[in-house]
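Undergrad: Got a predicted structure plus its sequence, pasted below:
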Amino acid sequence: MQRKKVLWVAALTLVASVALGIRLVGLDAEPFWLDEVCTHDFNAGTLSSVVRTYAADVHPPLYGILLHLWGTVVGTSEEALRGYSAAFSFVSLLCAVWLVRDVTGDGWMALAAGLMLAVNPLDIWHARDARMYAQAACLATMAACVLWRWLQREDVTSPPRRLAAAYGLLAILLLYTHYLASILLGSQVLAVLLLFSVRRRWRDAAYLLAAAAAAFASFVPWAIFVLRFRPSLSSVVTQVGWIPKPHVFDVFAYLNHEFFIGFARAPGTAAYWFPVVTGGLLAVALVAALSTAPAPAGSPVRHPNEGLTLMLWLTLGPALIAAVISSLWQPVYFPPRFSLFCLAPGVVALVVMLGNVRPPLRTVLIAAITALMATGAAWQAAAPTKDGLREMTRLAARFGEPAFALLLPSPNSILVHYYLPHAGLQISREEFGPRLRPETPTLVWVCLKDGQLPPQDSREGKLVAWLATTGPYRRLGGADGYAVYELHARALPPARSNEALE
């Protein structure tokens with residue numbers, strides 16, 4: 001018995017080490033993209049300025065506050081900011097391992113869940129992203145652990161004060177991490193209230209409702225504070241108008257897409273057959289689990305059907321509620337992000353189901369599902385998934401940062417300013433002309449996406465043609481998909497003028 005325990009701890013250490021290695025090695029391999037640049041800029045000031053900035057933005061402040069404190073200890077480099085998300089991803093993995101072991105009583109099945117999450121591309125991507133989603137997913141998983149322990153407590157005659165306090169605290173942290181946490185908490189409370197009602201545990205139901213009510217009440221001061229920066233709370237949702245309304249067939253598509261491929265694009269014909277294979281494999285696992293006789297009496301299992309029901313609902317319910325809200329009101333359901341909140345419960349539910357399947361089919365299914373997730377992670381790592389301007393920073397270090405930079409078509413100015421902090425951006429001819437001097441050239445970069453000139457009769461085309469007459473130019477090279485031209489502009493054009501950049 002002692003030997004099995006040592007082997008299990010050794011195996012858990014190995015899985016944890018693999019998960020940490022995948023998440024931490026090469027954290028700066030990809031450049032910061034727009035959202036991560038916003039994270040960096042939002043957390044650059046004092047703690048009070050961080051709170052005010054998040055109040056004016058579309059997210060609550062807890063992530064910014066904790067990340068700011070993290071930065072005072074670890075630093076504010078790109079690796080340090082992303083490492084904060086990796087830490088929450090790792091804790092979420094450990095919570096999932098605990099959940100499976102507590103639901104099934106099988107430590108080796110718990111390790112299977114840990115291994116799936118360790119190589120899962122969706123979890124890896126968010127663990128290496130300096131945004132609040134890994135923190136929110138971790139807190140939601142921790143809250144699910146508390147609820148599961150609450151459901152399984154044996155002394156139902158005593159008040160569940162500690163469990164209620166723990167869940168209330170996690171609910172508060174979750175609400176202050178992401179506004180959509182209200183959907184997650186509503187899904188959790190609804191499911192557990194139903195299970196309490198089936199067992200006629202009315203005291204537990206009352207304490208759960210009280211904990212949830214206290215959490216939402218604690219959010220009122222923040223809502224009032226936000227109104228100092230916004231006309232209404234609904235403007236937080238309307239500001240993210242780029243989110244499309246979900247199609248009915250796409251609501252649960254994350255089960256065989258994001259869960260297996262993350263943000264990657266399957267190469268070649270794999271884009272067609274990979275989702276079919278993953279969906280078919282999940283269907284086989286479901287049928288095999290339903291076709292297997294229940295575990296014999298006396299097996300070390302603690303209400304597995306109840307645990308499976310809860311985890312399945314936490315996998316599907318939040319997405320369903322978010323999709324309904326998106327259809328009836330304002331789109332809030334963006335699967336590549338939202339599906340992370342359902343990932344840990346989904347893996348737990350899948351492994352609990354597979355626990356009902358007899359070997360060797362169980363082993364084959366676990367190996368196949370893990371291998372497909374690892375394949376998606378490999379595709380994700382092989383191809384860039386984040387658009388930044390890091391190569392322009394390297395060009396600036398080599399040739400000098402320009403006084404002005406014109407990028408066509410124009411990316412977000414926040415992104416450009418992060419990589420070229422001292423350059424004037426996207427200036428017009430009317431603004432640029434008076435700043436030129438005849439005696440001193442002004443260094444200008446003209447950056448053309450894929451080397452393509454804008455149409456000559458367009459505003460941008462006329463600006464580029466005029467810039468080409470203000471001084472000699474040369475091509476510095478390619479950077480982040482742009483052809484970068486260096487121009488030495490003067491107020492008086494040289495004798496030999498260029499009509500356009502070639």
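TA: Good, I have the coordinates.
Undergrad: so where's the chain shaky on pLDDT?
TA: Scanning the chain for pLDDT under 70 picks out 1, 238, 292-304, 492-502.
Undergrad: The longest helix belonging to it: how far from the chain's middle?
TA: Across the chain, the longest stretch assigned as helix under DSSP state H is helix 78-104. On the basis of C-alpha atoms, centre = their mean, to the nearest Å, helix 78-104 sits 14 Å off its chain's mean C-alpha point.
Undergrad: same thing with stretch 60-80?
TA: Computed by C-alpha atoms, centre = their mean, the chain-centroid distance of stretch 60-80 equals 16 Å.
Undergrad: Output the contacting helices and strands for the following helix or strand past the longest helix of the chain.
TA: As assigned by DSSP states H and E, the chain's next helix or strand after helix 78-104 is helix 107-118. In terms of contacts (3 or more C-beta pairs under 8 Å, 6 or more residues apart in numbering; DSSP states H and E), helix 107-118 is packed against helix 2-24, helix 78-104, helix 335-354, helix 361-382. For glycine as for every other residue, the C-beta is placed from the backbone atoms N, C-alpha and C.
Undergrad: quick one: the helices in the stretch 51-200 of the chain?
TA: Assigned by DSSP state H, counting those that start in this stretch, the stretch 51-200 of the chain shows helices spanning 62-74, 78-104, 107-118, 121-127, 133-151, 161-175, 181-198.
Undergrad: Out of those, which is closest to Y207?
TA: Y207 lies closest, by C-beta to C-beta, to one member of the helices of the stretch 51-200 of the chain: helix 161-175, at 4.3 Å.
Undergrad: Mind listing what's buried along that closest one?
TA: Going by neighbour count (16 or more other C-beta atoms under 10 Å), the buried part of helix 161-175 is 163-164, 166-175.
Undergrad: what's the angle from it to helix 133-151?
TA: 160 degrees (axes from the mean of the first three to the mean of the last three C-alpha atoms, to 10 degrees).
Undergrad: Name the surrounding residues that touch helix 161-175.
TA: Helix 161-175 is contacted by residues 60, 62, 136, 139-140, 142-143, 146-147, 149-150, 153, 181-182, 184-185, 207-208, 210-212, 214-216, 218-219 when judged by C-beta atoms under 8 Å, 6 or more residues apart in numbering.
Undergrad: 6 Å instead, please
TA: Applying C-beta atoms under 6 Å, 6 or more residues apart in numbering, the external contacts of helix 161-175 come out as 139, 142-143, 146, 150, 181, 185, 207, 211, 214-215, 218-219.
Undergrad: Please pick the buried ones from those.
TA: Applying 16+ other C-beta under 10 Å to these flags 139, 142-143, 146, 150, 181, 185, 207, 211, 214-215, 219 as buried.
Undergrad: which one of those is nearest Q380?
TA: Out of these, the member with the shortest distance to Q380 (by C-beta to C-beta) is L139, at 24.5 Å.
Undergrad: Tell me how far D387 lies from R128.
TA: 15 Å (C-beta to C-beta, to the nearest Å).
Undergrad: between those two, who's got more neighbours?
TA: With neighbours defined as other C-beta atoms under 10 Å, D387 and R128 compare such that R128 has more, 27 against 14.
Undergrad: residue contacts, the more buried one?
TA: R82.
Undergrad: Ok, R201 next?
TA: V156.
Undergrad: What of N305?
TA: Neighbour list for N305: empty [criterion: C-beta under 6 Å, 6+ apart].
Undergrad: any idea of the angle the helix or strand that contains it forms with helix 133-151?
TA: Element membership for N305 (DSSP H and E) is helix 304-328. Counting by the same axes, to 10 degrees, helix 304-328 lies at 140 degrees to helix 133-151.
Undergrad: Now the buried ones among the contacts of helix 161-175 in CSV, please, with extra columns for distance to C95.
TA: Formatted as CSV, the buried ones among the contacts of helix 161-175 follow (distance: C-beta to C-beta, whole Å):
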residue, distance to C95
L139, 10
M142, 6
A143, 10
V146, 10
W150, 15
A181, 16
L185, 17
Y207, 22
A211, 19
A214, 23
A215, 19
F219, 24
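Undergrad: now, among those, which is nearest to K449?
TA: A181 (37.5 Å).
Undergrad: coming back round to it: most tightly surrounded among the helices and strands packed on helix 107-118?
TA: Of all the helices and strands packed on helix 107-118, helix 335-354 carries the top mean neighbour count, a mean of 25, counting by mean count of other C-beta atoms under 10 Å.
Undergrad: Show me what it is packed against.
TA: Packing contacts for helix 335-354, counted by 3 or more C-beta pairs under 6 Å, 6 or more residues apart in numbering; DSSP states H and E, involve helix 78-104, helix 107-118, helix 121-127, helix 133-151, helix 304-328.
Undergrad: State the number of residues packed around P384.
TA: 13.
Undergrad: so is it in a helix, a strand, or just coil?
TA: coil (DSSP: H, G, I helix; E, B strand; the rest coil).
Undergrad: gap between it and W33?
TA: 10 Å.
Undergrad: Endpoints of stretch 237-246, how far apart?
TA: End-to-end distance for stretch 237-246, by C-alpha to C-alpha, to the nearest Å: 16 Å.
Undergrad: List the buried residues of that stretch.
TA: Quick answer for stretch 237-246 (16+ other C-beta under 10 Å): 237, 246.
Undergrad: Let me see the residues that make contact with that stretch.
TA: 58, 323, 326, 330-331, 333-334.
Undergrad: check contacts around L436.
TA: 442, 489-491 are the contacts of L436 under C-beta under 6 Å, 6+ apart.
Undergrad: Tell me which of these fall in helices.
TA: Using DSSP H, none of the contacts of L436 sit in helices.
Undergrad: Now neighbour count and distance to T278 too, for these, in TSV please.
TA: As requested, the contacts of L436 are exported to TSV (neighbours: other C-beta atoms under 10 Å; distance: C-beta to C-beta, whole Å):
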residue	neighbour count	distance to T278
T442	19	55
A489	25	54
R490	16	60
A491	16	62
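Undergrad: ok, these vs K462, which is closest?
TA: For those, the nearest to K462 is A489 (15.6 Å; C-beta to C-beta).
Undergrad: quick one: the closest one from G451, how far?
TA: For A489, the distance to G451 - C-beta to C-beta - is 20 Å.
Undergrad: Please parse the protein into its domains.
TA: When the chain is parsed with automatic domain parsing, its domains come out as 2-382, 390-489.
Undergrad: Could you identify which of those domains is most buried?
TA: Buried most deeply of those, by mean count of other C-beta under 10 Å, is domain 2-382, with a mean of 18.
Undergrad: So what touches stretch 65-80?
TA: With C-beta under 6 Å, 6+ apart, stretch 65-80 has contacts from 27-28, 32, 43, 47, 50, 84.
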